[in-house]
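S.K.: Okay, structure incoming, though there's no sequence with it:
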Ligand SMILES: Nc1nc2c(ncn2[C@@H]2O[C@H](COP(=O)(O)OP(=O)(O)O)[C@@H](O)[C@H]2O)c(=O)[nH]1
Ligand SMILES: [Mg+2]
């Protein structure tokens, strides 16, 4: 498969994605919870922005919903926030109609000190059960239930409630988000870990990159681009006909983009060196990924199951890993440094795992 990608690459100019395709590549998280549950506080935890920045960044969607794109200047993830649940006279049907077609995963936000979650559970039942949207559960207000056993009882009760509504167990995290507090790195990690299981693109967009070496520093500068292209490749799994973007076209676009950013010309020799260094092991892994993806397309995925398909993420994961490996390769190429093939393959394998794909 890698061979075919490289064959094609020779004759294919960089595919400039349309604005529509770019928009569709953005992972969208729907924050579902009562007013006061901690949705805005969760956005604060995940983005590291303060309440004012978040307040200003939200743009209205419907009368009772709004969206927040992050990072603000080069969005890699979108939060959708519905405000009305738990308020009298709120009818969720308008938000439901809009959001169920746009969101890729639903983040249920519930306070551990608030057992009244019936309305939220009803909405979750609709989107998670009937529309098969991936979901995770974030318990907030851990600090307000200081007794450990009481807290564990509350967590278990809430989880049981939402498990019943969704028809399956959901990845969970417990957090404390008191007003004005410093965001806790542990809480962040717990949420990102749960998110990784349902929407890797969103989780990686919210993960801070480790920067210890010059190579990692260079990658930090292009990581947003790799996530963008991987999201684009992943979005073709959701709606293969709409975007005129195929997985190989997105991957070639990404490789060309990275070449430009690292100042390396993808000459025939450079391409051959990269393909050779990645080797047959990778070609087989990619082949497996593509095979599964093709299988997936036999299932009618567009429309109702948009979120479920996006969660599969094989094209996302393989493209992210390819981009990570290419960045590693290009960094050494640009510096005229030796690079070990084993290290390159390890970089690829680690990226594949991080992107939520366990391997072949
Ligand atoms: N002590 C504590 N307060 C919280 C927590 N989460 C949210 N709050 C507070 O609850 C109120 C509502 O939170 P907010 O994030 O605006 O809820 P939203 O309506 O779901 O967006 C705010 O005053 C928050 O500071 C939490 O985990 N612990
Ligand atoms: Mg809010």
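M.R.: On my side now, so go ahead. This one's a predicted model, so the numbers in the text were calculated from it and none came from an experiment. Ligands and ions are numbered 1, 2, ... in the order given.

S.K.: contacting residues for the closest residue to residue 171 other than its chain neighbours?
M.R.: Closest residue in space to residue 171, ignoring its immediate chain neighbours: residue 194 at 3.8 Å, by C-beta to C-beta, 6 or more residues apart in numbering. In this view, the C-beta of every residue, glycine as well, is placed from N, C-alpha and C. Neighbour list for residue 194: 136, 137, 138, 171, 172, 173 [criterion: C-beta atoms under 8 Å, 6 or more residues apart in numbering].

S.K.: ok, now with 10 Å
M.R.: 107, 136, 137, 138, 170, 171, 172, 173, 203 (C-beta atoms under 10 Å, 6 or more residues apart in numbering).

S.K.: and those as a markdown table, adding pLDDT?
M.R.: A markdown table is the format used below for these (pLDDT from 0 to 100):
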| residue | pLDDT |
| --- | --- |
| 107 | 97 |
| 136 | 97 |
| 137 | 98 |
| 138 | 98 |
| 170 | 96 |
| 171 | 96 |
| 172 | 98 |
| 173 | 98 |
| 203 | 94 |
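
S.K.: Test my guess that residue 234 contacts residue 21.
M.R.: No: with contact defined as C-beta atoms under 10 Å, residue 234 does not count as touching residue 21 (11.7 Å).

S.K.: outside of the host helix or strand of residue 97, which residues touch it?
M.R.: According to DSSP states H and E, residue 97 maps onto helix 93-102. Contacts with helix 93-102, where a contact means C-beta under 10 Å, 6+ apart, come from 24, 26, 28, 30-32, 61-65, 67, 78, 80-85, 92, 106, 123, 126-127, 130-131, 133, 303-304, 306-307.

S.K.: Where does the stretch 1-150 of the chain get nearest to ligand 2, residue-wise?
M.R.: Closest residue of the stretch 1-150 of the chain to ligand 2, C-beta to the ion: residue 40 (3.4 Å).

S.K.: Excluding sequence neighbours, find me the nearest residue to that residue.
M.R.: Of all residues not flanking residue 40 in the chain, residue 54 sits nearest, at 6.1 Å (C-beta to C-beta, 6+ apart).

S.K.: Tell me the spacing between that neighbour and residue 86.
M.R.: 20 Å (C-beta to C-beta, to the nearest Å).

S.K.: helices and strands of the protein: which one bottoms out on pLDDT?
M.R.: Every helix and strand in the chain was compared by mean pLDDT, DSSP states H and E; the lowest is helix 306-312, with a mean of 41.

S.K.: ok, now which ones touch residue 169?
M.R.: The contact partners of residue 169, by C-beta under 10 Å, 6+ apart, come to 137, 159, 160, 162, 163.

S.K.: Ramachandran coordinates for it?
M.R.: Dihedral angles of residue 169 (phi, psi; degrees, to the nearest 10) stand at phi -80, psi 150.

S.K.: now the angle from the helix or strand containing residue 81 to helix 93-102?
M.R.: Using DSSP H and E, residue 81 sits in strand 77-82. Orientation of strand 77-82 against helix 93-102 (axes from the mean of the first three to the mean of the last three C-alpha atoms, to 10 degrees) gives an angle of 160 degrees.

S.K.: what lines up beside strand 77-82 in the sheet?
M.R.: Here strand 77-82 has these sheet partners by DSSP bridges: strand 28-32 (parallel), strand 65-70 (antiparallel).

S.K.: Kindly present the ones you listed as a markdown table, with separate columns for mean neighbour count.
M.R.: Below are those laid out as a markdown table (neighbours: other C-beta atoms under 10 Å):
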| stretch | mean neighbour count |
| --- | --- |
| strand 28-32 | 26 |
| strand 65-70 | 20 |
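
S.K.: With distance to residue 328 as extra columns, can I get these in a markdown table?
M.R.: Formatted as a markdown table, the strands paired with strand 77-82 follow (distance: least, C-beta to C-beta, whole Å):
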| stretch | distance to residue 328 |
| --- | --- |
| strand 28-32 | 29 |
| strand 65-70 | 26 |
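
S.K.: Lowest mean pLDDT across those, which one is that?
M.R.: Least confidently modelled of those is strand 65-70, at a mean of 88 by mean pLDDT.

S.K.: about what we covered before: in strands, which of the contacts of residue 194 fall?
M.R.: Among the contacts of residue 194, the members found in strands (DSSP state E) are 107, 136, 137, 138, 172, 173.

S.K.: restrict those residues to contacts with ligand 1.
M.R.: Among these, not one lies near ligand 1 by C-beta under 6 Å from any ligand atom.

S.K.: Quick check: pLDDT value at the closest residue to ligand 2 within the stretch 151-300 of the chain.
M.R.: At 11.5 Å from ligand 2, residue 177 is the closest residue in the stretch 151-300 of the chain, using C-beta to the ion. Note on residue 177: pLDDT of 94.

S.K.: helix or strand for it, which one?
M.R.: Counting by DSSP H and E, residue 177 is found in no helix or strand.

S.K.: so how far is residue 190 from it?
M.R.: 12 Å.

S.K.: The two - which one has more neighbours?
M.R.: residue 177 (21 against 18; other C-beta atoms under 10 Å).

S.K.: List the beta-bridge partners for residue 107.
M.R.: Using DSSP bridges, the bridge partners assigned to residue 107 are residue 31, residue 136.

S.K.: and it, what does it touch?
M.R.: Contacts for residue 107 (C-beta under 10 Å, 6+ apart) come out as 29-33, 39, 42-43, 46, 79-81, 134-138, 170, 173, 191, 194-195, 198-199, 202.
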